[in-house]
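> Need the 3D shape of this:
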Amino acid sequence: MAGHPDDSQAFPVDQDPLQPVGPGPEAPLTASFDPTRLDFGHYAGSTIEEIARVDPDYLQWLERHPSGVRYRGEIHRVLGVVPYSTDWRR
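Residues are numbered from 1 along each chain as shown. This is a model prediction of the structure:
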């Protein structure tokens with residue numbers, strides 16, 4: 001996967017101690033996380049909508065599980081769930 005934008009690569013460090021260190025202005029400004037597509041587990045690579053058609057129970061479990069925190073908004077959108085602040089089952 002060489003050349004993939006998410007690959008970690010070393011960046012040059014100038015000798016000037018007052019110069020900030022970081023990836024620089026050439027670094028991509030886009031995030032690699034896609035909240036509509038799982039990136040782990042049995043359904044890795046599948047969209048939330050695809051999973052909802054074949055295994056909605058998995059999505060209900062995932063939205064309650066810590067590993068699903070970053071997908072909750074999309075799960076709620078796809079399943080039509082409107083969470084309440086007093087919903088202790090979340």
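
> When you work out contacts or count neighbours from here on, use the C-alpha atoms and nothing else.
Noted.

> Could you pull up the residues touching the nearest residue to residue 44 once chain neighbours are set aside?
What sits nearest to residue 44 in space, not counting adjacent residues and going by CA to CA, 6 or more residues apart in numbering, is residue 38, at 5.0 Å. Taking CA atoms under 8 Å, 6 or more residues apart in numbering, we find residue 38 in contact with 44-48.

> how about a cut-off of 7 Å?
By CA atoms under 7 Å, 6 or more residues apart in numbering, the contact list for residue 38 reads 44-47.

> out of the residues you listed, who has the most neighbours?
Neighbours here mean other CA atoms under 10 Å. Within those, the largest count is held by residue 47, at 16 neighbours.

> How about the contacts made by that residue?
Going by CA under 7 Å, 6+ apart, residue 47 touches 36-38.

> How about residue 75?
Residue 75 sits in contact with 48, 59, 63, where contact means CA under 7 Å, 6+ apart.

> could you redo the last one with a cut-off of 10 Å?
Contact analysis of residue 75 by CA atoms under 10 Å, 6 or more residues apart in numbering lists 35-36, 48-49, 51-52, 56, 59-60, 62-63, 68-69, 81.
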